Every structure is written in C-alpha cells, then in structure tokens.
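# All I have is the shape, not the residue letters:
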C-alpha cells in the first residue's frame, strides 16, 4: 500500500507544482499552504505530504484541514496525524473537537475569550491580543504584532494573572501613547490569521509557529472570511448615516492623514502627472488639467480595486471599528460607509471621498519628491553662482 501511495498521481502533481519534499520544515509548510486550494492540487496529496514533515506546524495544519474534511480526505488527514504521532508529534489538545461541535460548545467558546486591539499606525502596524481563561487560574494571552505590508511580524503566548494582564495593558498604553480597545475575539482572530496568510513565505519561519500558538486558545479552523460586525453595529446606532456618503471630513482625521500607500505604488502616477503638467505640446492650461484629472481618475480606479482595494477596505473597516470603540461614532460611520462602497463595487472615481484620498496620497509623494530635488546640490551653475561659490570658499580658507 505504501508503494501505491508513493506513486499516487496526485502526489506527482504536487511535486510538479513546485513542492520539494527535501525542503526544510518551515519552507515545506509554507509551500504546501500556498499550494492548497490551487486547481489540480488534491487535499489528499497535501495531507500525505504533511504526514512526512516532522514538525508541530504540520500537525496544526492537518487539524485545520480536518475541521472541514469529509470521507476519504478526512481519512488521509487522520492517517497523516497518526504518522506524526509515531514520530512524537501530537495533535494540539485544544483542537480535538471538530467543526461539528454543538451550539452549546460554540456559545461557550464565544463567551470565554476576549480580545484587545491597538490603533493602526501610519505604517499600517498594530498589536492584537487574544485572551482566554486558564483552568488553573489566570489567562493565556496570544500576542501578535501585525504589519499591513509585512504580514505577521511576531507572535507569542504568555500565561499571566489577570492583574499582570491589566498592568501590561496599562504599561503598553502609557509607553506607546495609544489606547487598546476591547474587541470581539473573532475579529481579532481574523486580523491575525489574515496577517499570517499575507506573511511572505521567506519570513514565516522567523515569526514563530503561529498556528500552533493559536490552537492553544482557539479550536476552530483559521477563518478565511469575515462579515465585519462594524456595519451592523453602526447601522443600528446611526441608521442611514452609516450607509450614506462617506464624508470628505474623514480625511482630516489622524488615521487618514497619517495613512501612506507605499511610494513605489504611487510614483508612476506622480511622474505621469508631472509630465502632463510640464508638457510643451499641450499649451492650454485647461487641457493640461484635464490630462492630470484623467491620471488621477485612473489612479483612483486602479489603486482601489482588486487586491489593493480589498486591503484599503479592510483597513477602513478596522479603522471604523476602533473609532467606534473610542467614542468617535460619526467618524466611524464615515469610515464604514467608505468601506461599504469598496465592498459593494461602487465606481470609486465618482465618490468625492476617494478622489480626495488618492489626491492627498499623490500630493504627499509629489511634495516629498520636490523637496528632495530642491535639497540636492546643483551640478550646473551660472557664471554668477560659480563666482559667489569661489568667493565663499576663499573666505572660509582665510578664516582658517
């Protein structure tokens, strides 16, 4: 039987897709996670490959697969877990219940865990805490440092007394001058899992075994989708206002003022706008402005759709969620309304808020480029400038 498994065509397809069984455990796990769900890649082949990786992360990924598996796939997962157990790697005890757990179990899990979130800083970084009571007293806290650009930067579990947890929260708020807000643990869990999925494969081995850490607190499979609760929360309180037009006043809030889309993404549009403004072919200022507006419209459409648009929507949702919890309800409603426009596929070029947002982003990069150019020494001088420079140099020499 073992021979037939080795020649299984599904296993061959996995290798053809780029999986190398000789990879180091962290790299092998990252590759299998990236391949899972791809067309032509069978979950059974993923499970068999995981059963040959002597690493706790393989066990955690198999548990994640088992939660949604049925029939032969589940049997493959169980066989792989058994193989790992023979090598001394046990399945996480907290993940033994499957998805088919009772409503009572789910309600208990919902009620016992809590979470805390920091605001998102200008670089898109934030801290997530998920907290679960321990049977022996105190709590276990999953701490995650998340970057919008780099994914999961770090994660660790710590056992604390409730007094220690309170003290650490106060110290973090004092040191960082930010407020941690209480949050639904499922929102925090999605944020952390989303960051893990967005972590480059080359860095996953450096941030700890997140899935194993998570399994100590949460039995269910890592979520891949979230119906963000902020929409329902704000709709119940603000009514039509939360579903209305996002106000351009939101652009004056610190969360928007400090938000920076990476320069590398913006620079091509900034350069195109500069060329349009300097064009000697189009002499009419109105025509030049039309060309500039056309670039801005295209930038707005391209930067707020697809993967970029999803990232912006997610950040707006979480900004709204945080704002609501620190009492800035009107601003939270505007942020949620903007996120809803992206969620619903509204033409963003017709929404003043998004036009203003992209213009601000482009303007910030353009201003930085101009300042940099002004600070660079000029290589070509006029005769008068050269004479003044020589006189200044001579005066400095005499003073010495």
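Great, that's in hand. Not measured: the values here are computed from a predicted model.
# what about the residue lying closest to residue 213 once chain neighbours are set aside, helix or strand, and which?
Spatial nearest neighbour of residue 213, excluding adjacent residues (C-beta to C-beta, 6 or more residues apart in numbering): residue 157 at 5.0 Å. To be clear about C-beta, it is placed using only N, CA and C from the backbone, and glycine gets the same treatment. Assessed by DSSP states H and E, residue 157 sits inside strand 151-160.
# just how off-centre is that strand within its chain?
Counting by C-alpha atoms, centre = their mean, to the nearest Å, strand 151-160 is centred 16 Å from the centre of its parent chain.
# Give the next helix or strand downstream of it.
helix 162-176.
# angle of that following helix against strand 151-160?
Put simply, helix 162-176 runs at 140 degrees to strand 151-160, going by axes from the mean of the first three to the mean of the last three C-alpha atoms, to 10 degrees.
# what separates helix 162-176 from the chain centre, distance-wise?
Taking mean C-alpha positions (C-alpha atoms, centre = their mean), helix 162-176 and its chain are 25 Å apart.
# now for it, which elements pack on it?
Other elements packing on helix 162-176 under the criterion 3 or more C-beta pairs under 8 Å, 6 or more residues apart in numbering; DSSP states H and E are strand 139-147.
# What part of this structure, helix or strand, is modelled with the least confidence?
One helix or strand of the chain scores below all others by mean pLDDT, DSSP states H and E: helix 2-6, with a mean of 44.
# helix or strand right after it?
On the C-terminal side of helix 2-6, the nearest following helix or strand under DSSP H and E is helix 9-16.
# how many degrees apart are the helix or strand just after that next one and helix 9-16 in direction?
Next along the chain after helix 9-16, taking DSSP H and E as the criterion, comes helix 25-35. Angle, helix 25-35 to helix 9-16, by the same axes, to 10 degrees: 110 degrees.
# C-terminal to helix 25-35, what's the next element?
Taking DSSP H and E, what comes next after helix 25-35 is helix 43-50.
# Confirm that residue 123 sits in a helix.
No. Counting by DSSP: H, G, I helix; E, B strand; the rest coil, one finds residue 123 to be coil, located in no helix.
# Report the beta-bridge partners for the residue nearest to residue 213.
Here residue 157 sits in beta bridges with residue 142, as judged by DSSP bridges.
# residues in contact with it?
Neighbour list for residue 157: 140, 141, 142, 143, 213, 216, 217 [criterion: C-beta atoms under 8 Å, 6 or more residues apart in numbering].
# One more: residue 308?
Going by C-beta under 8 Å, 6+ apart, residue 308 touches 265, 302.
# Just the mean pLDDT for the strand or helix carrying it, thanks.
Using DSSP H and E, residue 308 sits in helix 306-325. Taken as a whole, helix 306-325 has an average pLDDT of 94.
# How about that helix, which residues are buried there?
309, 311-325 (16 or more other C-beta atoms under 10 Å).
# State the next helix or strand along the chain beyond that helix.
Using DSSP H and E, the next helix or strand after helix 306-325 towards the C-terminus is helix 329-343.
# Would you pull up how far that following helix lies from the middle of the chain?
19 Å.
# Out of the buried residues of helix 306-325, flag the one nearest to residue 172.
residue 322 (15.2 Å; C-beta to C-beta).
# quick revisit: could you tell me the angle between the helix holding residue 308 and helix 329-343?
Helix 306-325 runs at 160 degrees relative to helix 329-343, counting by the same axes, to 10 degrees.
# Going forward, the N-terminal residue is numbered 223.
Noted, 223 is the first residue going forward, which turns the last one into helix 528-547.
# Any regions of the protein where pLDDT drops low?
By pLDDT under 70, the low-scoring segments of the chain are 223-229, 289-290, 313-333, 458-465, 499-506, 594-612, 618, 620-622.
# Got the domain ranges for it?
Domains of the chain are assigned by automatic domain parsing as 224-313, 326-437, 452-597.
# what angle sits between the strand holding residue 379 and strand 361-369?
Strand 373-382 runs at 160 degrees relative to strand 361-369, counting by the same axes, to 10 degrees.
# Okay, buried residues for strand 373-382 please.
373, 374, 375, 377, 379, 382.
# Pretty sure the first one sits against residue 423.
No. With contacts counted by C-beta atoms under 8 Å, residue 373 stays clear of residue 423, the gap being 10.2 Å.
# Now residue 496: closest residue in space, sequence neighbours ignored.
Nearest residue to residue 496, sequence neighbours excluded (C-beta to C-beta, 6+ apart): residue 588, at 7.3 Å.
# Brilliant, that's me finished.
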